[in-house]
Each structure stands twice: as structure tokens, then as C-alpha cells.
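*Asks:* model this:
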Amino acid sequence: MALPGSRGAPRTRAPRDLRLDVLRGLCLVTIFINHVPGNDFEAFTTRNFGFSDAAEAFVMISGIAAGLAYSADFRAPMKLWQGLTRIWKRCWTLYLVQMLVTVAALAAAALAVRATGDMRILFENQMGWLWHHPLETLIALPLLLHQFDYLNILPLYILLLLASPLALIGAWRAPWLTFGLSVAIWAGFGIAMIAPQLWPMSGNWFFNPFSWQVIFVTGLLIGVASKDGRRFVPVRLSLQILAGGYLLFALVTCLWLDFSRGVGSTLWFLKDKVGVPWLFTDFDKSFLTAPRLLHILALTYLLSSLAVVRRICASRLLHPLAVLGRHALPVFAFGSIMAIGLQGLRHSTERDILLDGLLIGSGLALQFAFAFAREHWPKPAR
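*Replies:* Below you'll find the predicted structure:
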């Protein structure tokens with residue numbers, strides 16, 4: 001028998017940290033509910049209790065997961081090519097999923113039309129461009145120059161992951177410089193309102209990658225530090241109080257109308273009378289303005305620094321959410337397709353909480369069933 005600490009001693013794996021899985025699963029539930037707009041359960045999702053929503057949380061978690069998964073390949077130069085090929089392979093998978101979801105969403109919309117006779121869903125979510133400008137739209141869709149609404153977060157993730165090697169190299173060598181450069185890009189492009197353009201329709205990408213990269217890069221830095229056995233930002237009571245105070249401020253702003261009006265008036269004064277750039281005073285999602293960015297940063301810090309969160313996420317009660325989060329990509333794709341179909345079905349129904357419960361509940365049940373099926377999916381032989 002090998003002595004403790006000897007070369008031959010068996011290594012015990014540390015228990016899996018379920019926080020990422022559970023929180024990602026919660027994001028998937030929230031995103032699905034919000035992607036069927038007008039239902040009665042939207043009022044209980046996170047976007048009604050703070051400045052950011054599940055999209056910001058999903059991108060942050062994706063950044064952390066990418067930092068954990070790919071960072072080791074960028075620590076030493078000899079593994080650089082291996083790291084690049086792994087990331088390129090993942091990006092190709094994401095691209096194929098985006099194409100599949102785009103086509104399947106059109107099929108779901110068509111199925112809803114056949115079931116209800118109501119054709120409105122075919123002309124919503126930027127799908128109408130396919131019928132009015134078919135050649136241009138068919139060219140633009142695979143180039144990611146045209147994106148259907150509610151199906152536009154994967155193109156963002158593809159671009160961010162393609163650019164992630166630079167951030168991963170920087171995360172090992174100069175993490176705070178990397179973070180500073182990321183913030184500078186966010187501020188510069190945001191103030192100037194520069195974003196990738198869409199075609200054939202006019203306008204910008206809904207999720208501007210120059211803005212949203214700051215969340216993803218922050219997640220990468222957190223993931224790389226965690227891979228190295230440390231924290232990117234240490235746990236300090238003063239920072240916890242500061243983060244908690246901002247989250248409380250956002251909660252009160254969202255729930256108390258008079259207070260919200262006062263906040264809005266103050267921000268208007270700072271922008272129009274004092275000259276503070278709009279990026280720091282507005283609540284725009286596409287350019288990820290400062291109130292939204294600060295909210296997701298504060299939420300991430302508080303959730304990651306409180307030991308009770310780890311214990312709660314490890315409970316058996318939240319195991320279904322952990323399974324959902326472990327299979328985020330296929331579940332997200334499946335849920336996005338169903339959400340488009342449910343949007344079409346709801347056009348022919350009256351607003352009713354029981355019907356909403358049936359539709360949303362059935363959709364979520366199918367996603368959980370899919371995730372548990374994936375959990376026990378036969379693995380291909382090597």
C-alpha cells in the first residue's frame with residue numbers, strides 16, 4: 001500500500017462544484033419562460049428584480065466554463081495549438097447548432113400555423129425577411145448577418161469563443177491588464193455606438209459582441225483563476241456589502257415605481273445636463289450599459305463569495321436543475337425551437353394563466369426529460 005503523499009497513492013477527485021450547473025439550469029428555465037412573451041409567469045423571472053437578466057448570467061457562466069475547460073492549454077506555449085483546435089471545434093459545433101435551430105424554428109412556426117391557421121408568427125422575429133427578400137436572407141443566415149429574434153445569442157457566443165484565446169493567454173500572464181483592456185473596448189465601442197451590422201435588414205446585432213465581451217472575458221478570468229486554485233477577486237466583506245447594496249438598489253428600483261422615477265430623473269440629469277456619456281446612464285441591453293453590467297458583476301461576486309450558495313446548489317432538491325445545466329447547449333436549442341412554436345400557438349388563444357401553465361409547464365417538462373435522457377445517453381465507443 002502506498003503511503004499518503006507518495007507517488008503511488010491513489011488520487012481522490014474533489015467533489016464537483018455544482019454551482020455552475022445549477023445556475024445555468026436556472027438560466028435555461030428563465031430564458032424559456034421569457035422567450036414565450038406575454039405569459040403570466042414572466043413576472044416572476046429575474047429581469048423583474050434587477051437591471052440584468054438571464055442573458056447576462058448565461059454569458060457570464062459560459063465565460064467561466066470556457067475558462068475552466070480551455071485555460072490549461074494556454075498556460076504553456078507547447079499546448080497552444082491543441083487549445084486553438086479545441087476551441088475551433090467547439091465553435092464549429094455551435095455554428096451547426098445555430099443553423100439547425102434556425103431551420104427547426106421555421107418548421108416550428110410553420111407547424112403552429114398549420115395547427116391554428118394564424119400566420120402572424122411567420123412574419124415575426126425577423127422571419128418575414130425570408131419571404132420578402134428570400135435570396136438575400138438565405139445568403140445572410142449562414143453568414144450570421146441575419147438573425148431571428150430569440151435565436152441570436154449563439155452567434156454572440158461563437159464570436160466570443162473565437163476571440164477567447166487572446167483573453168486566455170492574457171489571463172495567465174496579466175489578468176488585470178486583460179480585464180482593463182476588455183473594459184476599455186466595452187466603453188469605447190459603447191460610447192461610440194459601434195456594433196456589427198445586420199443584412200439585408202438595417203440595424204446592429206442585438207447582442208453587440210464588442211459590448212458583451214466584457215462579461216465573457218470576466219467569466220474567463222474567473223474560470224482561469226479557479227483552475228489555478230485561487231479567486232480572481234478575493235472574498236472581502238467590504239466588497240460583499242458593496243455588491244449586496246447595489247443589488248438591493250436595483251431591486252428597489254424595479255419594484256418601487258416612485259423610486260424608479262427618481263432614479264430615472266437623476267440619470268437623465270447626469271446625461272443631459274452634466275454630460276455623462278449615455279453608456280453610463282441608460283439601460284440598453286444591446287450595448288450592455290453600465291447599470292446592467294454592474295448588476296451582473298455584483299451578482300456574480302456575491303453568489304460566488306457566499307459559502308451558502310455552494311451548499312444550496314449541492315442539495316438533492318436542485319439536482320434536476322444541475323442536470324439541465326450540464327446539457328445546456330442541446331437543451332437551449334430544444335427550448336428555443338419550442339418557444340417559437342409556442343409563440344405561434346398563443347396567437348390563437350386568450351391570455352389565461354391555466355393555459356400558460358400548461359404550455360410553459362409542458363415545455364419545461366420536455367426539456368428536463370431531454371436533459372435526463374442526455375445524462376444517460378450511450379457514449380460512442382472510442
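*Asks:* OK, contacts around the residue nearest the centre of the chain?
*Replies:* Central residue of the chain (Cα atoms, centre = their mean): F58, 2.4 Å from the mean position. Going by Cβ atoms under 8 Å, 6 or more residues apart in numbering, F58 touches 24, 27, 31, 153. From N, CA and C alone the C-beta is placed, and that goes for glycine too.
*Asks:* Make a markdown table out of the residues you listed and add pLDDT.
*Replies:* Formatted as a markdown table, the contacts of F58 follow (pLDDT from 0 to 100):
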| residue | pLDDT |
| --- | --- |
| R24 | 97 |
| C27 | 97 |
| I31 | 97 |
| I153 | 96 |
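*Asks:* can you map out the strands along the stretch 201-350 of the chain?
*Replies:* Ranges of strands in the stretch 201-350 of the chain, per DSSP state E, counting those that start in this stretch: none exist.
*Asks:* Where does pLDDT dip in it?
*Replies:* Judged by pLDDT under 70, the stretch 201-350 of the chain has no weakly predicted residues.
*Asks:* number of nearby residues for V183?
*Replies:* 14 (other Cβ atoms under 10 Å).
*Asks:* If you could redo that for L135, that was the one I meant.
*Replies:* Residues contacting L135 under the criterion other Cβ under 10 Å number 8.
*Asks:* how close does it sit to W205?
*Replies:* 22 Å (Cβ to Cβ, to the nearest Å).
*Asks:* what's the closest non-adjacent residue to A109?
*Replies:* Spatial nearest neighbour of A109, chain neighbours left out: I121 (4.6 Å); criterion: Cβ to Cβ, 6 or more residues apart in numbering.
*Asks:* one step back: doesn't the residue nearest to the centre of the chain fall inside a helix?
*Replies:* Yes. Membership of F58 in a helix is supported by DSSP: H, G, I helix; E, B strand; the rest coil.
*Asks:* How about A57: what's its closest non-neighbour residue?
*Replies:* C27 (5.1 Å).
*Asks:* Can you tell me, leaving aside adjacent residues, what's nearest to G117?
*Replies:* The shortest distance from G117 to any non-neighbouring residue, by Cβ to Cβ, 6+ apart, is to S348 (7.3 Å).
*Asks:* Distance of that neighbour relative to F249?
*Replies:* 42 Å.
*Asks:* Would you tell me which helix is longest in the protein?
*Replies:* helix 80-116 (DSSP state H).
*Asks:* which parts of that one are buried?
*Replies:* 83, 87, 90-91, 94, 97-98, 101-102, 104-106, 108-109, 112-113, 116 (16 or more other Cβ atoms under 10 Å).
*Asks:* residues in contact with the residue nearest to A57?
*Replies:* Neighbouring residues of C27 by Cβ under 8 Å, 6+ apart: 54, 57-58, 61, 325.
*Asks:* one more time with 6 Å, if that's ok
*Replies:* 54, 57-58 (Cβ atoms under 6 Å, 6 or more residues apart in numbering).
*Asks:* got the contact list for D53?
*Replies:* 46-47.
*Asks:* re the thing from before, compute the number of surrounding residues for the residue nearest to A109.
*Replies:* Other residues close to I121 by other Cβ under 10 Å number 25.
*Asks:* I'd say it and G344 touch.
*Replies:* Yes. Using Cβ atoms under 6 Å as the test, I121 is close enough to G344 to be in contact (3.5 Å).
*Asks:* anything in contact with each of those two?
*Replies:* 109, 112.
*Asks:* Could you tell me how far L318 is located from F44?
*Replies:* 17 Å.
*Asks:* what about those two, which has more around it?
*Replies:* For L318 versus F44, the count of surrounding residues by other Cβ under 10 Å is larger for L318: 19 against 10.
*Asks:* For the closest residue to the more buried one other than its chain neighbours, give me its contacts.
*Replies:* The shortest distance from L318 to any non-neighbouring residue, by Cβ to Cβ, 6+ apart, is to V22 (5.1 Å). Counting by Cβ under 6 Å, 6+ apart, V22 makes contact with 313, 318, 321-322.
*Asks:* can you put those residues in a markdown table and add distance to I296?
*Replies:* Output for the contacts of V22, formatted as a markdown table (distance: Cβ to Cβ, whole Å):
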| residue | distance to I296 |
| --- | --- |
| C313 | 18 |
| L318 | 21 |
| L321 | 19 |
| A322 | 21 |
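*Asks:* nearest to R236, of these?
*Replies:* C313 (22.2 Å; Cβ to Cβ).
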